[in-house]
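>>> Here's my sequence, what's the structure:
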Amino acid sequence: MTTGTAESAGAGAVVRTGLRGARDPYAVYRWLRSEHPVCFDPELGLWLVSRYADVDQVLRDVDTFGNAGTLEPMWPMDPEAVRVLGESGTVPVASTTDPPEHARLRAGMTAAWPTTPRRVAAHEAMLSGHVAAAVAAFAARPAGRGDLVADLAGPLSARVFTALCGIPLSHHARIAAAARGLTGLVWDRQPAQVQRHTAAELTWLNEFCSEVIADRARTPSKDVAGALVAWRGPGGEHLTGQEAASQLAELLITNAEVMPLHLANTCYHLLRTGHFTGLAARPDRVPAVCAEALRHCTAVTGWLKSTRREARLAGVTIPAGQQLLLLLGSASRDEATGLADPDTLDPDRRDAPAPLAFSVGIHHCPAAAFSRRLAELLVAALAQALPGLRLEEADEGAWARTDLGIHGPERVSVSW
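Take a look at the predicted model:
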């Protein structure tokens, strides 16, 4: 059933309640795809889009659907927090801009970050070293117990990203707090005090990144921060100091908030479904099981877009100037793509459509290849070091960092 505003007011309420703190939100997604594939939630002020074909269309059609406002809070903000953020100096980045501005910002990011498997391979020794050290420290924990989030995925992603970006590891805890604050600001209702604190911390992060970029302008370096400063396009295009600082801040935020969930999600679902067992003897299977785990349980489950002009999706007309919430976590399990038993994690499937977890088109995540490879290295190292790794049955942990945008475990208790 295709629905618009009046018929689907109840659909949004089901989504909000069904996804809050849910370890398994997929029954809600399945219901939406079947009954309300494109619907308007009047409380959120958003159009929810849940089917693969519609999500794919929105992501690819940059003339009709824009990324401006992608990181704008869904709820009304405290005026003082708005003032502080407005004075922070942050400017739009590649993920929040549309053509033609997007092309230059994206080119600068692409030049600075290892965006392809070949360029990621140039960092293989560094990545493998950090993974080996992190897994060895995890395996040496007393009593053969640990938390895959706090004791492994979080510390590993912090060390890898700070090394790549040229940021002292000592700053990571504060960066992570600011990143989590931004996630809450975008997706959740928050008290004024919390909003103001987050605004202050994001202002600090912008100032910190501006200092890093200014330092690289004085003293060139080969890290990502240095590459953002050094990039020059064929026509002399470049990033301003503030653009480079804002782009660096986004990289750090993404790492601190999303990467640990990506790694933890992958490990959790492989352990829960039994696909971790036997990987020590079959390391060649690791890329396939990690790719299927990403389809099965992406960490970024929602992405905000807007209509630049009137649009039509699944028979529903959406006016210009509307916000859409693309339910990536739903699209990845859409039966209409031909997936057989889409809720089952099956590394041997040959029917999976092109993944949407990292978006597609001009806003495809520049860290996609890097994220995939880091997950593969971690799973392979864990399988070799701890082939008997298992979930603690008594502790499923807390889930869903937010209601609609980010999904992953607060902790994953394991033993060996």
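
>>> is it true that residue 51 touches residue 36?
No - in this structure residue 51 lies outside contact range of residue 36 using CB atoms under 8 Å: 10.3 Å. To be clear about C-beta, it is placed using only N, CA and C from the backbone, and glycine gets the same treatment.

>>> what's the closest non-adjacent residue to residue 355?
Nearest non-adjacent residue to residue 355, counting by CB to CB, 6 or more residues apart in numbering: residue 295, 5.8 Å away.

>>> What segments of the stretch 201-350 of the chain are strands?
Under the criterion DSSP state E, counting those that start in this stretch, strands of the stretch 201-350 of the chain are mapped to 302-307, 311-313, 316-318, 323-327.

>>> With residue 234 as the reference, name the closest of those strands.
strand 302-307 (30.0 Å; CB to CB).

>>> Which elements pack onto the closest one?
Strand 302-307 makes packing contacts with helix 52-60, strand 65-66, strand 323-327, helix 328-331 when contacts are defined by 3 or more CB pairs under 8 Å, 6 or more residues apart in numbering; DSSP states H and E.

>>> Between strand 323-327 and the first one, find me the angle.
In this case it means helix 52-60. Computed with axes from the mean of the first three to the mean of the last three CA atoms, to 10 degrees, the direction of helix 52-60 lies at 130 degrees from that of strand 323-327.

>>> Check which residues of helix 52-60 are buried.
In terms of neighbour count (16 or more other CB atoms under 10 Å), helix 52-60 has its buried residues at 52-59.

>>> got JSON lines for those residues, with pLDDT too?
Output for the buried residues of helix 52-60, formatted as JSON lines (pLDDT from 0 to 100):
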{"residue": "52", "pLDDT": "97"}
{"residue": "53", "pLDDT": "97"}
{"residue": "54", "pLDDT": "98"}
{"residue": "55", "pLDDT": "98"}
{"residue": "56", "pLDDT": "97"}
{"residue": "57", "pLDDT": "97"}
{"residue": "58", "pLDDT": "98"}
{"residue": "59", "pLDDT": "97"}
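
>>> Including distance to residue 390, could the residues you listed go into CSV?
As requested, the buried residues of helix 52-60 are arranged in CSV below (distance: CB to CB, whole Å):
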residue, distance to residue 390
52, 33
53, 38
54, 39
55, 35
56, 37
57, 42
58, 40
59, 37
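
>>> now, which of those residues sits nearest residue 342?
Ranking those by separation from residue 342, with CB to CB as the measure, puts residue 52 on top at 9.8 Å.

>>> and the nearest residue to that closest one once chain neighbours are set aside, how many neighbours?
Taking CB to CB, 6+ apart, and ignoring the residues beside it in sequence, residue 52 has residue 334 as its nearest neighbour in space, at 3.8 Å. Neighbours of residue 334 under the rule other CB atoms under 10 Å: 24.

>>> which residues does residue 334 contact?
Residues in contact with residue 334 (CB atoms under 8 Å, 6 or more residues apart in numbering) are 33, 50-53, 342.

>>> Can you give me the separation between it and residue 50?
Taking CB to CB, to the nearest Å as the criterion, residue 334 is separated from residue 50 by 8 Å.

>>> what do the two both touch?
With CB under 8 Å, 6+ apart applied, the overlap between the contact sets of residue 334 and residue 50 consists of residue 33.

>>> and the residue nearest to residue 52, how far is that from residue 160?
With the distance defined as CB to CB, residue 334 ends up 32 Å from residue 160.

>>> Which residues in stretch 149-169 does the neighbour count mark as buried?
Neighbour-count burial for stretch 149-169, counted by 16+ other CB under 10 Å, picks out 149, 151-167.

>>> correct me, but residue 253 touches residue 174?
No - using CB under 8 Å, residue 253 is not in contact with residue 174, being 11.9 Å away.

>>> which neighbours do those two share?
The contact sets of residue 253 and residue 174 overlap at residue 205 (CB under 8 Å, 6+ apart).

>>> Count the residues that sit near the closest residue to residue 342 other than its chain neighbours.
Once flanking residues are discounted, residue 342 sits nearest to residue 333: 4.1 Å by CB to CB, 6+ apart. Each residue near residue 333 was counted by other CB under 10 Å, and the total is 22.

>>> Please tell me how far residue 333 sits from residue 132.
As for residue 333, its distance to residue 132 is 34 Å (criterion: CB to CB).

>>> again with residue 166
Taken as CB to CB, the spacing of residue 166 relative to residue 132 amounts to 22 Å.

>>> same question, residue 96
Distance from residue 96 to residue 132, by CB to CB: 36 Å.

>>> quick one, which of those two is more surrounded?
Residue environment comparison for residue 96 versus residue 132 gives the larger neighbour count to residue 96, 21 against 14, counting by other CB under 10 Å.

>>> wait, what's in contact with the more buried one?
In this structure, residue 96 makes contact with 67-71, judged by CB under 8 Å, 6+ apart.

>>> one more time with 6 Å, if that's ok
Residue 96 makes contact with 67, 70-71 under the criterion CB atoms under 6 Å, 6 or more residues apart in numbering.

>>> Could you do residue 324 as well?
For residue 324, the contacting residues are 47, 49, 305, taking CB under 6 Å, 6+ apart as the criterion.

>>> Mind doing that once more with 7 Å?
46-47, 49, 58, 305-307 (CB atoms under 7 Å, 6 or more residues apart in numbering).

>>> With residue 358 instead?
Neighbour list for residue 358: 364-365, 368 [criterion: CB under 7 Å, 6+ apart].

>>> Also residue 255?
Counted by CB under 7 Å, 6+ apart, residue 255 has contacts 157, 161.

>>> and the gap between it and residue 223?
When distance is defined by CB to CB, residue 255 is 14 Å away from residue 223.

>>> picking that back up, let's see the pLDDT reported for the residue nearest to residue 52.
We have a pLDDT of 95 for residue 334.

>>> do the same with residue 7
50.

>>> Of residue 253 and residue 174, which one has the most company?
Using other CB under 10 Å as the criterion, residue 253 and residue 174 rank with residue 253 on top: 21 against 14.

>>> quick one: that one and residue 121, what's the gap?
Separation of residue 253 from residue 121 (CB to CB): 26 Å.
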